[in-house]
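A.B. asks: sequence isn't available, so here's the structure alone:
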């Protein structure tokens, strides 16, 4: 009988390397995060009845309270007691000159007045985890004002910033990154049009955005129409393969996802040889 040739040690090692590479690729694919959304309800605090109805929206919805408003303190306590995340909805000067209410930040303020007002606003809302801007189409486009804001937030390292993006010229998130303040940005406004059908369409856009990029943040208001649509839509969210998470978890999720994408991206050599 003829002798059979045995595979060389080099060949065996090569096969093992290929198998291990395949295992790693499958493992990495299995760890890819499922799409997530965060929903922030702004303008809480002025209307008690609407606010209470908004707090009844199911799931880990996040609520942003205007400072020094009649019902903010009570509703924020209620939100926290029901495991809802609380934010400060920080009034900022708009390009249109709209009335801002108490606690507003404006361009004419000195640095000390700006940062003092920020701290007073944070102290006015119990259980605050982060903040986003109320209006601010003028203030958020000014690097100096946003620098003061981020410097003020550095004194509260547990807080995050969500850029509501009321203007395409905002530098809020860029300055937050520069000062290493945990942050994220709004993707979809849910109820600029209060017609329930329009709100439902915007919610569907939020889900599509989350499926496309892995995450998305929607911002709405405590309108009765918004509360009704969200109660109906969120019941079916699991069936869409989407998870609802608080804003703070969304900030952490986006950071970890960015790190995951960086670690799993191909090497420069592979990228160069890959087809578009």
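C.D. replies: Sure thing, it's come through. Because the structure is a prediction, the values reported are computed rather than measured.

A.B. asks: would you confirm that residue 63 contacts residue 54?
C.D. replies: Yes. Under the criterion of Cβ atoms under 8 Å, residue 63 makes contact with residue 54 at 7.0 Å. In short, each C-beta sits where N, CA and C put it, glycine included.

A.B. asks: the more surrounded of these two?
C.D. replies: Between residue 63 and residue 54, counted using other Cβ atoms under 10 Å, the more crowded position is residue 63 (29 against 25).

A.B. asks: how about the more buried one, phi and psi?
C.D. replies: phi -120, psi 130 (degrees, to the nearest 10).

A.B. asks: so for it, what's the pLDDT?
C.D. replies: Per-residue confidence for residue 63 comes out at a pLDDT of 98.

A.B. asks: who touches both of residue 63 and residue 54?
C.D. replies: In terms of Cβ atoms under 8 Å, 6 or more residues apart in numbering, residue 63 and residue 54 are both contacted by the residues 41, 44.

A.B. asks: all helices of the protein, in order?
C.D. replies: With DSSP state H as the criterion, the chain has helices at 9-30, 48-55, 72-81, 111-124, 143-154, 172-178, 196-213, 224-235, 247-264, 268-273.

A.B. asks: including distance to residue 98, could these go into a markdown table?
C.D. replies: Rendered in a markdown table, the data for those read as follows (distance: least, Cβ to Cβ, whole Å):
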| stretch | distance to residue 98 |
| --- | --- |
| helix 9-30 | 48 |
| helix 48-55 | 20 |
| helix 72-81 | 19 |
| helix 111-124 | 18 |
| helix 143-154 | 17 |
| helix 172-178 | 18 |
| helix 196-213 | 22 |
| helix 224-235 | 20 |
| helix 247-264 | 24 |
| helix 268-273 | 47 |
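
A.B. asks: turn the ones you listed into a markdown table, including distance to residue 90 and mean pLDDT.
C.D. replies: Compiled in a markdown table, the helices of the chain are given as follows (distance: least, Cβ to Cβ, whole Å; pLDDT from 0 to 100):
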| stretch | distance to residue 90 | mean pLDDT |
| --- | --- | --- |
| helix 9-30 | 39 | 54 |
| helix 48-55 | 18 | 98 |
| helix 72-81 | 12 | 98 |
| helix 111-124 | 6 | 98 |
| helix 143-154 | 8 | 98 |
| helix 172-178 | 11 | 97 |
| helix 196-213 | 23 | 98 |
| helix 224-235 | 21 | 97 |
| helix 247-264 | 14 | 77 |
| helix 268-273 | 41 | 36 |
